[in-house]
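Student: Sharing a model prediction with you, sequence too.
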Amino acid sequence: MKDLLFLVLIALTPASVSAQSPSPGDPAELPFTLEIEDVTQDELPGFHSMAFAQWDGWWVIIGGRVGGLHGFFPFTAFPENEANTNIWLIDPATGDALNFGVNALNIPFHDPLKATNPQYAQDGENLYICGGYGKDAITGDFISFPVLTVVNLPQLVSAMQAQTNPSAAFRQTQSDNLRVCGGEMDKLGDFFYLVGGHDFSGNYTQQPSPMFTQTYTCEIRKFKITNNSSTLAITDYSAHHDEQNLRRRDFTLAPVIHPDGSPGLCLHGGVFRPDVDLPYYNPVYIGENQIFTLDNSYEQIFSQYTCPAVPMFDSTDGSMYTILFAGLSAHYFDQNSQTVKYDEKVPFIRDISTFRRRADDTSREFLLPQKFDELLGTNMIFAPAEDAPHFPNEVLKLHQMNGKTFVGWLFGGIKAEIPNITPSSASKRMFKVYISPKNAVGIENVIAGSPVMRISPNPFFSGQRISIEGVEEIRNISLFSADGVLLGDFGKDVGGLESRLEGALPGVYFIQVIGENSGALSKVVKM
């Protein structure tokens, strides 16, 4: 479960891996700085491990837990009074909150909407929720639910604001392919991707026993959802199975932009590896054309458990940056020794880090100077700000930010009292997140006073065709190296520029375009 099922197991299991002493990069290399502002609304309850969406300024919270870390003994591991049994609307700006009891809904299946660790994805005005772990009131058993719920967010918000029953906003169906908890779900193109997780049924106990059954999916499940006035169904289902590398749950699944500009997903961390009760360290990349790519060249240092992720793409060099906010981690920064240390117990941490993946597929992490003032981050959510410049998949456009930019909120999660084997509670902490690019001038407008020019595709791969927009009546095109050496003048011949770039080594270059009455300079990344 995302509620830390592995803490005691790891505390009792000798590590079979060597304790590394990794060296994070210098955060001064990053093209941005981070700021978090505490805006906690004390009157709100705490939540974690829930389904989440946004609509018309309201946060929508369904399911999850209102208590802290679950217990480790049969029949008391998941107290029913700590399940979130209400649908909540929260206005983060004012702290206003509305709620409606799940049991009062006129729907076929109530219990999945009170479950912990469901998978969910918002697609426009609809929130899709599947699976989750909780008590089935009919049988009295704890199970992973095989139920898909679709919530029409405009109908839900309108009904709850009017203080009427919002049942009409809910539709449900069943599929055993969705009997999963502790995984993640997102959408790429026309397909939903249900990634990882497990089918956990029965009463949780610390040690394996006949009290429960557990089966990891070891899969990325890909499917469409037909949702119209007459039909709610799963269609076009397929699955990629990998028992060695996808035996994962309770990870962070973050949206990314690949160097070629296509959207994708990155799976960070997760538990458990087949050979030892420790997290996975190698990231997995998911794309529409390549469903599974394991990065064996890099082992993630920080935040291997579910935590908030703030993703940013920098078009100046094709780098993807993902800020990971604390949670549980195999490594932490020790204040006394001022070094990064390894802890096989995978403790709660305060550290905030940035994961960078360059256009050449190399990765590195950076430990940021900002830290939480408590042990936070586990199962906390990031709620993106609609006004921040972003791609359709909510990856922020770093190069389009102009000065300090509000990019979203952090909310909820589990608050631990000490790093290991700890009392805990559901957090109500709320933070605003700000990003300040170090170079506020975008690459489209490097020459002061020049028009906005866009070079695409950027990054550039051999065989592609270049398009230049924003400069009228082109008179000359020039290509320069990163250190300003002229590599060629091509007049109006874009094809000549393409040929020269095709023969160039991978790296950063500058393209200067002179027009009838203006000129502009832009960076381009050659892959």
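Tutor: Sure, I can see it.

Student: Need the residue closest to the centroid of the protein.
Tutor: A254 (2.7 Å; C-alpha atoms, centre = their mean).

Student: S49 versus that one, what's the distance?
Tutor: 18 Å (C-beta to C-beta, to the nearest Å). Placement of C-beta: from N, CA and C, glycine included.

Student: Check V310 too.
Tutor: Taking C-beta to C-beta, one finds V310 at 20 Å from S49.

Student: what does R429 give?
Tutor: Taking C-beta to C-beta, one finds R429 at 15 Å from S49.

Student: between these two, which one's more packed in?
Tutor: S49 (29 against 21; other C-beta atoms under 10 Å).

Student: okay but that one is in contact with T116, surely?
Tutor: Yes. S49 lies in contact with T116 (C-beta atoms under 8 Å); the separation is 4.6 Å.

Student: for P423, phi and psi?
Tutor: phi -60, psi 150 (degrees, to the nearest 10).

Student: Just give me the neighbour total for it.
Tutor: P423: 10 neighbours (other C-beta under 10 Å).

Student: can you check the one 10 residues further on too?
Tutor: Other residues near V433 come to 23 when the count uses other C-beta under 10 Å.

Student: repeat for T231
Tutor: Neighbours of T231 (other C-beta under 10 Å): 11.

Student: what's the spacing between it and T149?
Tutor: 15 Å.

Student: just G95 next, same as before
Tutor: For G95 relative to T149 (C-beta to C-beta), the value is 27 Å.

Student: Which phi and psi values does the closest residue to T33 other than its chain neighbours adopt?
Tutor: Closest residue to T33 in three dimensions, ignoring its sequence neighbours and counting by C-beta to C-beta, 6 or more residues apart in numbering: S436, at 4.9 Å. Dihedral pair for S436: phi -120, psi 110, per degrees, to the nearest 10.

Student: mind listing what S436 touches?
Tutor: Contact partners of S436, counting by C-beta atoms under 8 Å, 6 or more residues apart in numbering, are 32-33, 35, 401, 403-405.

Student: biggest separation within those, which pair?
Tutor: The distance between the two most remote of those (C-beta to C-beta) is 12.9 Å, for E35 and M401.

Student: which residues touch F490?
Tutor: 476-479, 496-497, 500.

Student: make it 10 Å
Tutor: 476-479, 496-500, 511 (C-beta atoms under 10 Å, 6 or more residues apart in numbering).

Student: Which one's more surrounded, G95 and T149?
Tutor: Just comparing G95 and T149: by other C-beta under 10 Å the higher neighbour count belongs to T149, 25 against 14.

Student: Tell me, how many residues neighbour the nearest residue to the more buried one once chain neighbours are set aside?
Tutor: Excluding the flanking residues, the one nearest T149 by C-beta to C-beta, 6+ apart is I129, at 4.6 Å. Neighbourhood size, I129 [other C-beta under 10 Å]: 29.

Student: what is the mean pLDDT for the helix or strand hosting I129?
Tutor: According to DSSP states H and E, I129 maps onto strand 126-130. Across strand 126-130, pLDDT averages out at 98.

Student: Indicate each strand paired with that strand and its parallel or antiparallel sense.
Tutor: Here strand 126-130 has these sheet partners by DSSP bridges: strand 119-123 (antiparallel), strand 147-152 (antiparallel).

Student: Point out the most buried one among those strands.
Tutor: strand 147-152 (a mean of 22; mean count of other C-beta atoms under 10 Å).

Student: For whichever helix or strand comes after it, enumerate the helices and strands it packs against.
Tutor: Using DSSP H and E, the helix or strand that follows strand 147-152 in sequence is helix 153-161. If contacts are counted by 3 or more C-beta pairs under 10 Å, 6 or more residues apart in numbering; DSSP states H and E, helix 153-161 sits against strand 51-55, strand 58-62, strand 86-90, strand 97-101, strand 126-130.

Student: hey, which of these is tucked in deepest?
Tutor: strand 126-130 (a mean of 24).

Student: With just CA atoms, put it into PDB.
Tutor: The C-alpha coordinates for strand 126-130 follow below in PDB (Å, rounded to 0.1, in the frame of the first residue of the first chain):
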ATOM      1  CA  ASN A 126     -14.000  13.800 -16.000                       C
ATOM      2  CA  LEU A 127     -12.200  12.200 -13.100                       C
ATOM      3  CA  TYR A 128     -11.500   8.500 -13.600                       C
ATOM      4  CA  ILE A 129     -10.900   6.400 -10.500                       C
ATOM      5  CA  CYS A 130     -10.200   2.700 -10.400                       C
END
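
Student: Tell me how far that strand lies from the chain's centre.
Tutor: Strand 126-130 sits 16 Å away from the centroid of its parent chain (C-alpha atoms, centre = their mean, to the nearest Å).

Student: low-confidence ranges in the chain?
Tutor: 1-21, 68-78, 204-210, 439-452, 483-484 (pLDDT under 70).
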